[in-house]
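Student: Got a sequence here, can you build the structure:
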Amino acid sequence: MPARVVAVHCKGSHAFSKDSARRIQLLAGQGVAGDAHCGVTVKHRSRVARDPTQPNLRQVHLMHSELFAELARKGLQVLPGQLGENITTAGLPVLDLAQGTVLRIGTQALVRVTGLRNPCAQIEAFMPGLLAAVLDRTPQGQRVRKAGIMGIVLESGTVDPGDAITIEHIPHPAAPLQPV
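Tutor: Below you'll find the model as predicted:
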């Protein structure tokens, strides 16, 4: 199945979940127009408290819809946007992408993957058992974070449900994703 956008979400205030939208506008160097996390410098409240001048490496949050099916099998019903993502994807192996991968979303927007979302206690407060469900371990004991990926907008563009997502660039050597 070709990679595509399933749903898009935006929220102008800091809240755990984001509201579904008919379309979102990605702004180069800033993020999602009208979203609380839009801006050149960091907007995540705990990061602002530490250093508000940090660059915003979390302008766009992408979440794979395949996670929702996995969670449902564990008895956890989660809908697109409820985990705070801006773009819900299908058919894109988000957790397997390398840091620095560039994605074309729709016909115009380019997003560079900066790293993994590090799930926090807010996930557990949203739904008991969810934090454990989005954290795992490899057979070698390494932590696996399944709560999506973060990116920065390189080129502006609108994003609609149904839009194609293509991998435009994979960096060489490829570095595995780390939390940002």
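
Student: after the helix or strand of the chain with the lowest mean pLDDT, next one along is what?
Tutor: Within the chain, no helix or strand scores below helix 45-50, which has a mean of 89 by mean pLDDT, DSSP states H and E. For helix 45-50, the succeeding helix or strand toward the C-terminus, using DSSP states H and E, is strand 60-64.

Student: Contact partners for the residue nearest to residue 114 when sequence neighbours are not counted?
Tutor: Nearest residue to residue 114 in three dimensions, chain neighbours excluded: residue 57, at 4.2 Å (CB to CB, 6 or more residues apart in numbering). For the C-beta atoms, the positions are set from N, CA and C on the backbone; glycine is no exception. Counting by CB atoms under 8 Å, 6 or more residues apart in numbering, residue 57 makes contact with 42, 114, 115, 150, 152, 180.

Student: again, but for residue 23
Tutor: Contacts of residue 23 (CB under 8 Å, 6+ apart): 8, 158, 159, 160, 161.

Student: which stretches of this protein form helices?
Tutor: Along the chain, counting by DSSP state H, helices occupy 45-50, 66-73, 121-126, 130-133.

Student: any idea which of the contacts of residue 57 is closest to residue 66?
Tutor: Closest to residue 66 out of these is residue 150 (18.0 Å), distances taken as CB to CB.

Student: Does that closest one touch residue 117 like I think?
Tutor: Yes: counting by CB atoms under 8 Å, residue 150 touches residue 117, with 5.7 Å between them.

Student: higher neighbour count, those two?
Tutor: Higher neighbour count among residue 150 and residue 117: residue 150, with 27 against 24, using other CB atoms under 10 Å.

Student: Quickly note the distance from the more buried one to residue 143.
Tutor: Distance, residue 150 to residue 143, by CB to CB, to the nearest Å: 17 Å.

Student: and if you look at residue 119?
Tutor: Here the criterion is CB to CB. By it, residue 119 lies 10 Å from residue 143.

Student: neighbour-wise, which of these two wins?
Tutor: Relative neighbour count places residue 119 above the other of residue 119 and residue 143, with 20 against 11, counting by other CB under 10 Å.

Student: OK, contacts around the nearest residue to that one once chain neighbours are set aside?
Tutor: The shortest distance from residue 119 to any non-neighbouring residue, by CB to CB, 6+ apart, is to residue 147 (4.2 Å). Contact partners of residue 147, counting by CB under 8 Å, 6+ apart, are 63, 67, 83, 116, 117, 118, 119, 123, 134.
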